[in-house]
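Participant: next one to model:
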Amino acid sequence: VWGIMTAFMGLSTSSQATLAAVAPGIAEALIATALGLFAAIPAALAFNHFTAKNDKVYQSRSLFCDEMTGMLLRQTVDTATNLPTGLNSPAMMPPLAR
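Facilitator: Below is the predicted model:
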């Protein structure tokens, strides 16, 4: 932005619109753009890399939690009847399904 402003200021101070009047501002703008891309491209690649890695960790922990919950439900025992109280156990089935 500063380079473009400098180019327009160069045009306003000169009597003719020549390349010499706008060249310093345009060069400054191009250099600033190149530096911005030099910083932004690796940052975007790093963000994508770590986001994908984070998703893998989240999925593996989610799978672990689901498996652990399933194991705990299967090991839960009804103290009165000594039958498992998981979702597929006879104690949890409706009376007509037994």
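
Participant: find the residue at the geometric middle of the chain.
Facilitator: For the chain, the residue nearest the mean C-alpha position is residue 51 (4.6 Å; C-alpha atoms, centre = their mean).

Participant: am I right that it falls within a helix?
Facilitator: Yes. Judged by DSSP: H, G, I helix; E, B strand; the rest coil, residue 51 forms part of a helix.

Participant: for it, give its distance to residue 36.
Facilitator: Taking C-beta to C-beta, to the nearest Å as the measure, residue 51 falls 22 Å from residue 36. Where C-beta positions appear, they are placed from N, C-alpha and C, glycine not excepted.

Participant: what are the ranges of the helices in this structure?
Facilitator: 2-13, 19-75 (DSSP state H).

Participant: pick out the shakiest of those helices, pLDDT-wise.
Facilitator: Across the helices of the chain, helix 2-13 has the smallest mean pLDDT, namely a mean of 74.

Participant: ok and that one relative to helix 19-75, angle-wise?
Facilitator: With axes from the mean of the first three to the mean of the last three C-alpha atoms, to 10 degrees applied, the angle from helix 2-13 to helix 19-75 works out at 160 degrees.

Participant: please report phi then psi for the residue of the chain positioned farthest from its centre.
Facilitator: Within the chain, residue 15 marks the point farthest from the mean C-alpha position, 51.8 Å out by C-alpha atoms, centre = their mean. Backbone geometry at residue 15, expressed as degrees, to the nearest 10, gives phi -80, psi -20.

Participant: hmm, back to that, return the most buried member of the helices of the chain.
Facilitator: Among the helices of the chain, helix 2-13 has the highest mean neighbour count (mean count of other C-beta atoms under 10 Å), at a mean of 14.

Participant: helices or strands up against it?
Facilitator: Contact here means 3 or more C-beta pairs under 8 Å, 6 or more residues apart in numbering; DSSP states H and E; on that basis helix 2-13 packs against helix 19-75.
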